[in-house]
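Enquirer: got a structure for you, letters missing:
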């Protein structure tokens, strides 16, 4: 879903797993919001206002501004620090018991006091509902939760999980008021009650309005606007650009066409109509996914042939106008443990001879007939054009007869779940900046790829070893093995990783603090005037 130059991300420090993480004296209220209101345009939809359901970029954007987690990622950092919590840390040496103590005086926007009961309820509710479109998979190491008093919450984990602090600092850790949400079902009225920097005032198909939560108590500091309205353009890139140029929105984030970004970046100041491009770091990735049970791509030779033929650099240049970079591993460049396993195995340029040899070794002598499935909005506005080009690359080799079909998201997800598609696209925006988040969610039972891959050693040995290792730097050797194994088995073919972009009026400031490696989009940093 995004694309960019390599960027540096620090691992979660060892002390986070081993010791107690305490607040550092930067807590404040929202300080009312001193700037004017801001209007933001986005082509993504917000699929849910309920943290038990939404697991998409638009929904997490809402969660990160309306709800508080126990921990959060400060701007520019990959190390979570206390947010709703006064302190958090593992107890003992096994990384199986994690305790947090809440700050004093936390209140939800309805005036109710936040207690450990709300924290326990929020996590157990996500797991109980276990919505297929929700983040329950991130919390599956939780066994039981205790609340010995109103401020203390103790998580007992099924297995050692040194990545747990990062997980609960994500949107999956959003704390809701237990009086306002049903334990057994999702909230569908478009309302949200949290304790974050903003209050959700309204949420319709076309827009969401947020006002500053004057009762917020956390680490955000001064809020630099008096509120934000989010306008949804439902994948219509031309309307989003028109809204920006006509002044209907102050800035646009997510969903701008690569050609529009490139055109603005390459134009003179006079040609930009008072607009500027802000580029930030990101780690969004996109993969070609193979249905391992399919009679055609279930054959290793077919997958290898495709890996030898697909020209990532051409896709980046011609479809994404250099707003992305080629990806040769499931862990993106800049994240600890990244390797170039796919480059090392299949090369960086098309190799027809090796592709043909892979097919012949499989006993295939005729053209391989294949359909590549895409959906037009969810994984970026260039997805269908990208897949058309991949099909063209395959067909020009003379070894494939490939075509592309695109369907809307609900039908697309049903088709994947039913095993109907041979090859399809999946994008991934990390929940937290650790290589674990680019591996564990992709393999094993309930994984986000749903591609019938028997991950064997990865889920039985390597991922448990990674989760148990408190020193995140020491996990590199395990992640190398995972990446090598995935390149060998080819259940996915990594395509690209992203930069983050926003296009704004010249009077908009602060976006550079929202486009960082943590992937947290901070409304409160944005000012106008």
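Expert: Yep, that arrived. Note that the structure is a prediction, hence the values are computed from the model and not measured.
Enquirer: all helices of the stretch 51-200 of the chain, in order?
Expert: In the stretch 51-200 of the chain, the segments counted as helices under DSSP state H, counting those that start in this stretch are 57-66, 116-129, 164-168.
Enquirer: average pLDDT for the longest one?
Expert: I take that to be helix 116-129. Throughout helix 116-129, pLDDT has a mean value of 98.
Enquirer: Give me the distance from that helix to the chain's centre.
Expert: 22 Å (Cα atoms, centre = their mean, to the nearest Å).
Enquirer: Need the three-state assignment for residue 425.
Expert: Following DSSP: H, G, I helix; E, B strand; the rest coil, residue 425 is assigned to strand.
Enquirer: Which strand residues bridge it?
Expert: residue 288 (DSSP bridges).
Enquirer: now the helix or strand containing residue 478, how far from the centre of its chain.
Expert: Using DSSP states H and E, residue 478 falls within helix 476-489. In terms of Cα atoms, centre = their mean, the centre of helix 476-489 is found 21 Å from the chain centre.
Enquirer: in it, what's buried?
Expert: 476, 478, 479, 480, 481, 482, 483, 484, 485, 486, 487, 489 (16 or more other Cβ atoms under 10 Å). C-beta coordinates here come from the backbone N, C-alpha and C atoms, glycine included.
Enquirer: Could you single out the nearest of these to residue 148?
Expert: Minimum separation from residue 148 among the buried residues of helix 476-489 (Cβ to Cβ) is found for residue 478, which lies at 34.8 Å.
Enquirer: how about the closest one, what does it touch?
Expert: Counting by Cβ atoms under 8 Å, 6 or more residues apart in numbering, residue 478 touches 462, 465, 466, 469.
Enquirer: which residue sits closest to the last one, ignoring its sequence neighbours?
Expert: Spatial nearest neighbour of residue 469, chain neighbours left out: residue 475 (4.9 Å); criterion: Cβ to Cβ, 6 or more residues apart in numbering.
Enquirer: Now do that neighbour, the pLDDT please.
Expert: 89.
Enquirer: Residue 60 is in contact with residue 46, correct?
Expert: No - assessed by Cβ atoms under 8 Å, residue 46 is found out of contact with residue 60, at 9.1 Å.
Enquirer: Please enumerate the shared neighbours of the two.
Expert: Joint contacts of residue 46 and residue 60 (Cβ under 8 Å, 6+ apart) are residue 54.
Enquirer: Point out the most buried one among the helices of the stretch 51-200 of the chain.
Expert: Stretch with highest mean neighbour count among the helices of the stretch 51-200 of the chain: helix 164-168 (a mean of 26; mean count of other Cβ atoms under 10 Å).
Enquirer: so how far is that helix off the chain centroid?
Expert: The answer for helix 164-168 is 14 Å, by Cα atoms, centre = their mean.
Enquirer: and if you look at stretch 221-233?
Expert: On Cα atoms, centre = their mean, the centre of stretch 221-233 falls 21 Å from the chain's centre.
Enquirer: So for that stretch, mean pLDDT?
Expert: 96.
Enquirer: same question, stretch 52-70
Expert: Computed over stretch 52-70, the average pLDDT equals 94.
Enquirer: repeat for stretch 344-354
Expert: 97.
Enquirer: list the contacts for residue 339?
Expert: Residue 339 neighbours (Cβ under 8 Å, 6+ apart): 329, 331, 479, 480, 483, 484.
Enquirer: now with 7 Å?
Expert: For residue 339, the contacting residues are 329, 480, 483, by Cβ atoms under 7 Å, 6 or more residues apart in numbering.
Enquirer: I'd like the distance between the first one and residue 497.
Expert: Read it as residue 329. 9 Å (Cβ to Cβ, to the nearest Å).
Enquirer: Let me know whether my guess that residue 343 is in a helix holds.
Expert: Yes - according to three-state DSSP, residue 343 belongs to a helix.
Enquirer: circling back: and the contacts of residue 478, which of them are buried?
Expert: Taking 16+ other Cβ under 10 Å as the criterion, what is buried in those is 462, 466, 469.
Enquirer: Let me know the pLDDT of the second one.
Expert: With respect to pLDDT, residue 466 has a value of 87.
Enquirer: which residues touch it?
Expert: Taking Cβ under 7 Å, 6+ apart, one finds 436, 475, 478, 479 in contact with residue 466.
Enquirer: which of the residues you listed sit farthest apart?
Expert: Farthest pair in the contacts of residue 466, by Cβ to Cβ: 436 and 478, 9.8 Å.
Enquirer: Could you give the number of residues near the closest residue to residue 63 other than its chain neighbours?
Expert: Nearest residue to residue 63, sequence neighbours excluded (Cβ to Cβ, 6+ apart): residue 171, at 4.0 Å. By other Cβ atoms under 10 Å, the residues close to residue 171 number 25.
Enquirer: Phi, psi for the residue of the chain positioned farthest from its centre please.
Expert: What lies farthest from the middle of the chain is residue 365; by Cα atoms, centre = their mean that is 40.5 Å. For residue 365, the backbone dihedrals (degrees, to the nearest 10) come out as phi -120, psi -20.
Enquirer: swap in residue 502?
Expert: The phi/psi pair for residue 502 (degrees, to the nearest 10) reads phi -140, psi 150.
Enquirer: so is residue 286 in a helix, a strand, or just coil?
Expert: strand.
Enquirer: What pLDDT is listed against it?
Expert: In this model, residue 286 carries a pLDDT of 96.
Enquirer: And residue 433, by the same measure?
Expert: For residue 433, pLDDT reads 81.
Enquirer: helix, strand or coil for it?
Expert: Applying three-state DSSP: residue 433 is coil.
Enquirer: how about the strands of the stretch 401-529 of the chain, start to end?
Expert: 423-428, 492-498, 500-505, 508-509, 527-528 (DSSP state E, counting those that start in this stretch).
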